[in-house]
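[1] Sequence unavailable; structure follows:
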């Protein structure tokens, strides 16, 4: 049996058994089962990946089942294994296995643990299906599968209205993208007469420049298809315009955020663009759009990240921003760099999320950074893990000596954007550089607010609750404020404690990844055509040009990173009054950023309200007023009246019965006479 | 010519008396009109040469059925006013139906008159031997060709009889039936007793 | 020789009539005390007649060999199929009767005799090949039926039912006779084959009148709307075993007779009667469904249900194909099982004193104290509503299939839509039994014969019934082929 079958189907098996067995099997059994399956899957993934690194593996396709044979439309279930898939396999299974393990500790007090673990495994299966797809339909299956799992997991605490709202929002916004993706798939089938990815990619270069007519407009075929597909990617990867669901998705449990909304699902869009890179290469307008959207998202999300107070939202916008990097890397033609950033980002972003989760766990579910501070001494291991993550995301490193993971991937992206040499790629470079500064600022702001300074916990309701539960009985009748002020050190008498081992192990493993992933994997990802083996479009000239960029370009990222960290240090350690002054000075700007560029309000006005209005019209006028009135209710009314009439005719008198018979007879005769 | 004249007289009288049956206020009159209708129908039968059926009609229908009707109607205490109320209530609709039916009949008949309609010709299987009397012909058919149906019709009458008995016959406890064997076996000494009553006193039986 | 062959062909009728006469004598001697024994003997006579009728069906008999008495009687596979159903239904109504009548001390020896004669009349109806045969059979059955309806003569409702049935039946007989006279006048013969030959080509208005009158008279017997008015009153008023009989056997007989008349006698004028049958079918479905909704007496509800079902069966007739005839026969077989099962279940609804329970409100919460009975009744209701996987669905499916294949898609569509209305009242009964507050009225014990009969019907209409589809369909196909035999 090919190991890929085990890799893909072990999580499914675990999800089915765990999900159906649920409480019947008990927490421990389900948790062990799913986690065990994931670790097995993870081990096999690495075994699949390493031969690709060594350059000894060949791309292969493992058929599973016949799916559809209908006329010219033919596609089967098949699992494709090449370098691109192998990378994704490693990312998905590793992060997923670690998140499973982490959830043992994080979800320990939840009453619905089997369901949670089954969902996690189900998600992993769907994601694996997506990345191993050999045809667009199977990819779409995985695409929708992760969407479903994401919906279920965001809404996992379904008793919380905000969680439900966030889950629905994620689903609905993704539908918009999915519509594009579907149209893209339909169009691709229409143009190429196949849904098989290798066949499409082989035929794609020949289609460059082909045009089609739609509603009287002349359109470049490949551009249209790729833009449609990219709309799908925008939805899944939360790019500017369709990004609004990602921050809200933080309503889900933190391990979910780490797995789905940082490391895996949101990168599906990037993966898809890379997978279909030969197609995109034949579509210059679409590539320009990818570059622009990526660069804009990268900058836009970073600006919002600087003002948010919720620790998970900061990381969520950071994810959004980093995804922008990946997209514009792909847009300028450096698919390898995009995948490399995806790879390193998976480690450090999952690390940051899990670290944040550990902080939240320690702070009794308080997520507002204004009520953190001084946690360094209380939860040192978490602190060091977060430090590793922050160093990685901000791209700390010295060229040719050592750098954290993000240093290699982000620098490579910025250099390649400059090296591409077009106006758009230079725009992307500047956007990326500014975003790097902002990234550095908000990342360190997060660290400084959380781990340095004095404790500011006493303002937090969550902490007050926790303390109240401890001292509650004794302190009854006292004035709460007086009670808390008695401590005077801002801790409100609360003692954060380090997370359990099951949560710390993933942090440790991911820290290693965040520190060394860049150093170890940069050569194959960025400089080895053999490694890719044709899995993505490989632009040799561009990579050469990348080495020839000016020195200031190479240093730019490091410089802005230093500026960012210094600014953050001044504002949040040296003189904590600076942010307040800044906000007072630029009230409008702050409000604009703090309110996320008013995207939610804009959408609310443009789409949600009209949709509600339309919905209400269709409901009250169309459904109740028209369909119900003349449909079910009308029919019921007619039936009720008919019954009354039938009752009235059935009077019990012989002569009326005879009369009815006669009327029937005469009617029949009249009928045949006419 | 006379036959045609007789036919029209009989036919119109049948219809007229049938109308009178339902129009009469007094039910006794209705029955009497019914008898008139039967007589005229018998006349029609005579005209087509079915004198046996004509006699049956007179003897059975007039002689037995209608007279029985008459007795029943006279003996039963029926509130005819109430019956008539229902009749009046439904009269307009009934009349309308009758008129529609009549109109359609006329149309059908009109088609016949115009030659657009052919009456069937008897297939001859039931034709009587030439010269045979009515009774003979009917008897021959009933006991040969229509034997099965004739016997079945007998069963129908039997069922009607059973039905009449089932629905009306009551085992009455206070009636005394005649037991012939007991009557025959009875001796004079059981039936008679000699007494010598004193003057002014009755006999104690 | 011809005469002997004819007698051999009508052997079932001979058996029934002779045993009827013999049992009548036995009744006269034995009195009402012997009624149970006479019932048993009557069932035996029906079984014997069934065995005599069965070979014709198994052999798929058709053609000139099946004609008896100079073509007045036609004993082919079609007649045999209908006869077997009729005998079964009659036997069932005999089996359930003693327990019912003995409670009110009204079990009389004439009951089985009348049922035997009625069955004989129906046998003559379904093998009619002549208008006179048709009428004799019909009247023999009807006359027995009038008496049976009023059998509980001390019960006002029963007497009323008998009277209503009689008067309206006489009116219907009038229609029938008038139509037959017209037909005879325009065809010159009373034999079906002769009529078929005489009316070939353009049909005259007079013959058309005759056809309509004949069909109206027959529609009364199958209680198709608008000639259904007697049905609810008679079904409600008649003693329940009699209602069981009315709802099953005469329906089969009259339906088979109608098929015989329109195919054998008026087969050349399909378009003349097809539209009438279609309209009657749809009106029956709708009237049956609408009427049933307002009912609170379960026997009345079953009456409307039978009107409704007759409408569905007539859809098969409207198709005017051999396939449609076959579908109708299958439907009839299933319908007989459902109806008998339904009425037996109703017979088993008794209160603590053994009084019959007929109000739907009184069976509320039946599932709590009479579980098996409630399950059977629910199954019958679902089956009558035509809900798969119960067998009732199969009959509906076949007639709709026949209609669709005959190109009558709108008819089938309307029929299917109307069956949704029908589902309402069937489900209402189930809802009352299962979800309403228990009324604890129907708590009385049941007779073993009732239980056995109900069990057989329930098994037949359960999904297990589908095991019989091949066999039943094969028989129905043979019968339909005999009906459509062109010699």
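    Cool, got the structure. The shown structure was predicted, so the numbers you read here are calculated from the model rather than taken from an experiment. Residues are numbered from 1 along each chain as shown, chains lettered A, B, ... in the order given.

[2] how about the nearest residue to residue 220, chain neighbours excluded?
    Chain wasn't specified; assuming chain A. residue A:211 (5.6 Å; CB to CB, 6 or more residues apart in numbering or on different chains). In short, each C-beta sits where N, CA and C put it, glycine included.

[3] I was thinking of chain C, sorry if that wasn't clear
    Excluding its sequence neighbours, the residue lying closest to residue C:220 (CB to CB, 6+ apart) is residue C:172, at 3.5 Å.

[4] Look up how far chain A lies from residue B:72.
    Per CB to the nearest CB, to the nearest Å, residue B:72 is found 18 Å from chain A.

[5] Name the SS class of residue B:170, please.
    coil (DSSP: H, G, I helix; E, B strand; the rest coil).

[6] tell me the phi and psi of it?
    phi -120, psi 140 (degrees, to the nearest 10).

[7] Can you give me the neighbour number for it?
    Residue B:170 has 8 neighbours, counted by other CB atoms under 10 Å in any protein chain shown.

[8] Please apply the same query to residue C:185.
    Using other CB under 10 Å, residue C:185 has 14 neighbouring residues.

[9] tell me what the helix or strand containing it is packed against?
    Per DSSP states H and E: residue C:185 is located in helix C:156-187. In terms of contacts (3 or more CB pairs under 8 Å, 6 or more residues apart in numbering or on different chains; DSSP states H and E), helix C:156-187 is packed against helix A:654-673, helix C:131-149, helix C:192-198, helix C:205-221, helix C:230-237.

[10] what is the orientation angle of it with helix A:654-673?
    Helix C:156-187 and helix A:654-673 meet at an angle of 30 degrees, taking axes from the mean of the first three to the mean of the last three CA atoms, to 10 degrees as the criterion.

[11] If you count neighbours, what's buried in helix C:156-187?
    Going by neighbour count (16 or more other CB atoms under 10 Å in any protein chain shown), the buried part of helix C:156-187 is C:158-169, C:171-173, C:175-180, C:182-184, C:186-187.

[12] Look at the residue in chain C that chain B sits nearest to and report its pLDDT.
    Residue nearest to chain B within chain C (CB to the nearest CB): residue C:188, separated by 2.8 Å. pLDDT, residue C:188: 82.

[13] My guess is it contacts residue C:197. True?
    No - contact between residue C:188 and residue C:197 fails when scored by CB atoms under 8 Å: they sit 10.1 Å apart.

[14] What ranges in the chain fall below the confidence cut-off?
    Unless you meant another one, I'm taking chain A. For chain A, the stretches flagged by pLDDT under 70 are A:470-488.

[15] hmm, I had chain C in mind actually
    C:1, C:487.

[16] which one is the residue most central in space within it nearest to, not counting chain neighbours?
    Relative to the mean C-alpha position of chain C, the nearest C-alpha, by CA atoms, centre = their mean, is the one of residue C:251, at 2.2 Å. Residue nearest to residue C:251 in three dimensions, not counting chain neighbours: residue C:222, with 5.9 Å by CB to CB, 6+ apart.

[17] Mind pulling up the pLDDT for the residue most central in space within chain B?
    The centroid of chain B falls nearest to residue B:65 when counting by CA atoms, centre = their mean (3.5 Å). pLDDT recorded at residue B:65 is 86.

[18] Residue A:219: which element?
    strand A:217-220.

[19] Pull out the buried positions in that strand.
    Buried, per 16+ other CB under 10 Å, within strand A:217-220: A:219-220.

[20] Can you show me the helices along the stretch 201-350 of chain A?
    A:221-236, A:245-248, A:254-258, A:268-275, A:277-281, A:284-305, A:311-331, A:335-362 (DSSP state H, counting those that start in this stretch).

[21] Go through those and name the closest to residue A:76.
    Closest to residue A:76 of these, according to CB to CB: helix A:268-275, at 17.8 Å.

[22] Counting by contacts, list what that closest one packs against.
    helix A:83-106, helix A:113-132, helix A:136-154, helix A:221-236, helix A:311-331, helix A:335-362.

[23] ok and it relative to helix A:136-154, angle-wise?
    Going by the same axes, to 10 degrees, helix A:268-275 makes 160 degrees with helix A:136-154.

[24] which residues are contacting helix A:268-275?
    Helix A:268-275 has contacts (CB atoms under 8 Å, 6 or more residues apart in numbering or on different chains) with A:84, A:88, A:127, A:130-131, A:139, A:143, A:146, A:197, A:229-230, A:232-237, A:239, A:280, A:290, A:323, A:326-327, A:330, A:335, A:338-339, A:342, A:535-536.

[25] now the angle from that helix to helix A:311-331?
    Using the same axes, to 10 degrees, one finds that helix A:268-275 and helix A:311-331 are set 10 degrees apart in direction.

[26] What values do phi and psi take at residue A:528?
    phi -120, psi 110.

[27] so what's it up against?
    Residue A:528 neighbours (CB under 8 Å, 6+ apart): residue A:55.

[28] Distance check, it against residue A:48.
    Separation of residue A:528 from residue A:48 (CB to CB, to the nearest Å): 17 Å.

[29] Repeat that for residue B:27.
    106 Å.

[30] for residue A:103, same thing?
    25 Å.

[31] neighbour-wise, which of those two wins?
    Taking other CB under 10 Å, residue A:103 and residue A:48 do not tie; residue A:103 has more neighbours (29 against 20).

[32] is it true that that one touches residue A:116?
    Yes - between residue A:103 and residue A:116 there is a contact under CB under 8 Å: 6.7 Å.

[33] got any residues that touch both of the two?
    Common neighbours of residue A:103 and residue A:116 (CB under 8 Å, 6+ apart) are residue A:253.

[34] Give me every residue in the stretch 51-200 of chain C lying close to chain B.
    Within the stretch 51-200 of chain C, the positions adjacent to chain B are C:68-70, C:72-73, C:108, C:110, C:113-114, C:117, C:120-121, C:124, C:132-133, C:136-137, C:139-140, C:143-144, C:146-147, C:150-151, C:153, C:162, C:184-189, C:191, C:194, C:198 by CB under 8 Å from any CB of the partner chain.

[35] Take the helices and strands packed on helix C:156-187 and write them to a markdown table, including distance to residue A:181 and mean neighbour count.
    Output for the helices and strands packed on helix C:156-187, formatted as a markdown table (distance: least, CB to CB, whole Å; neighbours: other CB atoms under 10 Å in any protein chain shown):
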| stretch | distance to residue A:181 | mean neighbour count |
| --- | --- | --- |
| helix A:654-673 | 59 | 19 |
| helix C:131-149 | 71 | 26 |
| helix C:192-198 | 68 | 20 |
| helix C:205-221 | 62 | 26 |
| helix C:230-237 | 61 | 26 |
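
[36] mind checking which of those helices is nearest residue A:520?
    Of all those, helix C:230-237 comes closest under CB to CB, at 88.7 Å.

[37] ok, that closest one near chain A or not?
    Yes - using CB under 8 Å from any CB, we find that helix C:230-237 touches chain A at C:230, C:232-233.

[38] List just the nearest of those residues to residue A:41.
    Nearest member of these to residue A:41, counting by CB to CB, is residue C:232, at 69.5 Å.

[39] Let me know whether the closest one touches residue C:300 as I believe.
    Yes - the criterion here is CB under 8 Å, and residue C:232 meets it with residue C:300 at 4.7 Å.

[40] circling back to that earlier point, quick one: neighbours of the residue nearest to residue C:251, just the number.
    26.

[41] Quick one: residues contacting it.
    C:251, C:254-255, C:258, C:310 are the contacts of residue C:222 under CB under 8 Å, 6+ apart.

[42] Now, of the residues you listed, which are buried?
    Looks like the contacts of residue C:222 have C:251, C:254-255, C:258, C:310 buried, using 16+ other CB under 10 Å.

[43] Identify, from those residues, the entry nearest to residue C:94.
    residue C:251 (17.3 Å).

[44] helices or strands next to the one helix or strand that closest one maps to in the packing?
    Assessed by DSSP H and E, residue C:251 sits inside helix C:240-260. Other helices and strands packing on helix C:240-260, by 3+ CB pairs under 8 Å, 6+ apart, are helix C:77-103, helix C:110-126, helix C:131-149, helix C:205-221, helix C:230-237, helix C:298-319, helix C:322-347.
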